[in-house]
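Participant: Provide a 3D model corresponding to the input given below.
(chains A, B, C and D)
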Protein chains: 2
Amino acid sequence: MQELDPLLHSQLRLAIMSILLSVEEADFVYLKEKTEATAGNLSVQLEKLTSAGYITKETDGSGAKPRTICQMTDAGREAMQNYVEALKSYFTGL
Amino acid sequence: MQELDPLLHSQLRLAIMSILLSVEEADFVYLKEKTEATAGNLSVQLEKLTSAGYITKETDGSGAKPRTICQMTDAGREAMQNYVEALKSYFTGL
DNA sequence: TTACTTAGTTTATTTTATAAACCATCGAGG
DNA sequence: CCTCGATGGTTTATAAAATAAACTAAGTAA
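Facilitator: I've put the predicted structure just below:
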């Protein structure tokens, strides 16, 4: 019965990470559509994942209308792997 | 990207369910030791699982010092199965 | 009988998730 | 050029959840 990384143990953050696992790059709008989250919620959760170092979040500058692009980091991928391993220990009896 | 049953998507409740999957009967004290939760927290989460119908919780009466015994219900087992299936959809890219 | 331990529950506090309100920019229409 | 609405976000407020602290009641041992 291992610890479950609390940063990943959240439906929306897990969904974000899941998408970034399979896509290597996604912008805010895409993530919003895929996850069906509100913009506010998405923004908050992206920030958390970013400051944990699990993803990068670059906002296309030039003062223009913003475009935020996210990618998974190596640390993020590793954290996901650990999370899965930890989860497995919860389902040995199933 | 399916919904994750919010009742199961909690570390402690998942741990409780996991134990009850593999054991068919466990008392409060045993669950407390295994999960390393505080009594208060455990009590609250057991109550939630009970009122959701995922487990049963019988307190050995006779006015004496209580002994609370928990078991998983069929609904609980089914919910766990669904939860696992839903989780899988989050890790296709891993 | 006083005082400690055990088995819990109830209530209060903190943390987390979520939504609502807001700000800035772009593009279209008058 | 100026409003008006849509787009792309962030900030802040609210609701829900997890956790801990305080309490209750019975048993046990000195």
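Participant: From here on, just use CA atoms for contacts and neighbour counts.
Facilitator: Noted.
Participant: List, one by one, the residues from chain A near chain B.
Facilitator: The interface of chain A toward chain B, taken as Cα under 8 Å from any Cα of the partner chain, is made up of A:1, A:4, A:9-11, A:14-15, A:18, A:21-22, A:35, A:81, A:90-94.
Participant: Quick check: which of the residues you listed are also close to DNA strand C?
Facilitator: With Cα under 7 Å from any atom of the strand as the criterion, the residues of chain A next to chain B include A:His9, A:Ser10, A:Gln11 near DNA strand C.
Participant: What is the nearest of those to chain B?
Facilitator: A:Gln11 (6.8 Å; Cα to the nearest Cα).
Participant: Next, the closest one: phi, psi?
Facilitator: With angles defined as degrees, to the nearest 10, A:Gln11 shows backbone torsions of phi -50, psi -50.
Participant: which residues sit in contact with the residue nearest to it when sequence neighbours are not counted?
Facilitator: Setting aside the residues directly before and after it, A:Gln11 is nearest to B:Leu4 in space (Cα to Cα, 6 or more residues apart in numbering or on different chains), at 6.8 Å. Contact analysis of B:Leu4 by Cα atoms under 8 Å, 6 or more residues apart in numbering or on different chains lists A:Gln11, B:Tyr83, B:Ala86, B:Leu87.
Participant: For A:Leu49, which non-adjacent residue is closest in space?
Facilitator: The nearest residue in space to A:Leu49 (Cα to Cα, 6+ apart) is A:Ile55, at 5.9 Å.
Participant: Could you pull up the residues touching A:Met72?
Facilitator: Per Cα under 8 Å, 6+ apart, neighbours of A:Met72: A:Met17, A:Leu20, A:Leu21, A:Glu24, A:Glu25, A:Tyr54, A:Ile55, A:Thr56.
Participant: Please report the distance of the first one from A:Leu87.
Facilitator: Put plainly, it is A:Met17. Look at A:Met17 and A:Leu87: by Cα to Cα, to the nearest Å, they are 16 Å apart.
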